[in-house]
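A.B. asks: Got a predicted structure here, sequence first:
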Amino acid sequence: MELDYHPELQGLTVRRPQLKLLQDVPFPAWVADNWETVKTFQARPDDLLIATYPKSGTTWIQEIVDLINENGDVKMCKRAPVYERIPFFEFFLDPLPTGIELIDKMASPRMMKTHLPIQLVPKSFWEQDCKTILVARNAKDCLVSYFHFHRMTESMPEPGTWSEFLQKFMKGRVSWGSWYDHVKGWWEAKDKHRILFLFYEDIKENPRREILKMAKFMEKVLEQDVIEKIVHHSSFDVMKDNPMANYTTIPTGFMDQNISRFMRKGEVGDWKNHFTVSQNEDFDEHYARQMVHSSLKFRNVL
């Protein structure tokens, strides 16, 4: 159900963007064309950055982090849609407010999300020694989710067919670039900065355990009943029916959830419903070549 949250946007449609390269990383034009504003952003020491490759559980982590920050106060976490509570740092899509505009209006401590690879994160985050929660998801499920996201949102380039998108993903010719470069870059940086590196599959397996890790990282001490409340309210089934988390506040001209739900399945292993045997064999060979020199290991890939 589409809500009348942005009445000024009703009837507006977005033209799908072209990809533009920034330091050899493809971005939608609406990111690339505003790069100076991104690059020169001034972080504060108590800023918290949530970093993910697209479709790796970003909204899930945003909701968990907000619930932790608000001590499990569910009413407070429904004060606004998740994209306003924890803005998308490099978002510049007219006529919506930019991510940085929303962040600049926030009182400290500020929380924000990004899909940027480590080498393109503004230097001020590291100069201010900010904390980052990084979530990585196995490549195959991430790819499937990213394909369906491209189908339903006009903010991304046209995906083409499943087999075409699969090839583009493997070559890193999609928005925010190579999944491999993204996860390996953040993995290698995790011991140099204050980065909590989490896996989507671990959070699905034991959300309570991973929520406790996040709370500790955020220096929040929570009672057991609060932890259980956070586990419940950040579950997929609850979030998919929460208008402040499921993006139904965004008009269909931007995101058409009749094509595919923003919160589609949230499962581990859904890739098995999409890959053909030959596609899977090709992907596994390519994956092995890309990851051979990295100590980063994912579950549920094969």
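C.D. replies: In hand now; what should we look at?
A.B. asks: If we ignore the residues flanking it in sequence, what's nearest residue 159?
C.D. replies: residue 150 (3.6 Å; Cβ to Cβ, 6 or more residues apart in numbering). Every C-beta, even on glycine, is put in place using the N, C-alpha and C of the backbone.
A.B. asks: from what I can see, the one you found looks like it's in a strand, true?
C.D. replies: No. Using DSSP: H, G, I helix; E, B strand; the rest coil, the secondary structure at residue 150 is helix, not a strand.
A.B. asks: my guess is it meets residue 161, correct?
C.D. replies: No. Applying Cβ atoms under 8 Å, one finds residue 150 not in contact with residue 161, separated by 11.3 Å.
A.B. asks: So for the two, which sits in the more crowded spot?
C.D. replies: residue 150 (23 against 9; other Cβ atoms under 10 Å).
A.B. asks: Could you measure from that one over to residue 160?
C.D. replies: Look at residue 150 and residue 160: by Cβ to Cβ, to the nearest Å, they are 9 Å apart.
A.B. asks: ditto for residue 214
C.D. replies: 36 Å.
A.B. asks: Neighbour count: the two, which is higher?
C.D. replies: residue 214 (21 against 13).
A.B. asks: need the contact list for that one.
C.D. replies: 61, 64, 65, 68, 133, 196, 198 (Cβ atoms under 8 Å, 6 or more residues apart in numbering).
A.B. asks: Which residues are in contact with the residue nearest to residue 181 when sequence neighbours are not counted?
C.D. replies: Take residue 181 and drop its neighbours on the chain: the residue closest to it by Cβ to Cβ, 6+ apart is residue 117, 6.0 Å away. Contacts here follow Cβ under 8 Å, 6+ apart; on that basis residue 117 touches 25, 176, 177, 181, 182, 185, 186.
A.B. asks: Of those, which is the most crowded?
C.D. replies: Highest count within the contacts of residue 117 by other Cβ under 10 Å belongs to residue 182, 26 neighbours.
A.B. asks: Assumed residue 55 was part of a strand.
C.D. replies: No. Counting by three-state DSSP, residue 55 is not part of a strand but coil.
A.B. asks: related to what we said a few turns ago, in the contacts of residue 214, which two residues are the furthest apart from each other?
C.D. replies: Within the contacts of residue 214, 68 and 198 form the most distant pair, 13.3 Å apart (Cβ to Cβ).
A.B. asks: what about the helices in the chain?
C.D. replies: Using DSSP state H, the helices of the chain run over 29-32, 35-39, 58-69, 82-85, 99-104, 123-127, 139-152, 162-171, 179-189, 200-205, 207-217, 224-233, 236-239, 277-291.
A.B. asks: For the stretch 1-150 of the chain, give me the ranges with low pLDDT.
C.D. replies: 1-13, 76-77 (pLDDT under 70).
A.B. asks: Pull out the buried positions in stretch 283-298.
C.D. replies: Buried residues in stretch 283-298, defined by neighbour count with 16 or more other Cβ atoms under 10 Å: 283, 287, 290, 291, 298.
A.B. asks: between these, which is closest to residue 33?
C.D. replies: residue 290 (29.6 Å).
A.B. asks: List the residues that contact that closest one.
C.D. replies: Applying Cβ under 8 Å, 6+ apart to residue 290 gives the contacts residue 180.
A.B. asks: Stretch 104-112: how far from the chain's middle?
C.D. replies: 18 Å (Cα atoms, centre = their mean, to the nearest Å).
A.B. asks: let me fix that: stretch 107-120
C.D. replies: 11 Å.
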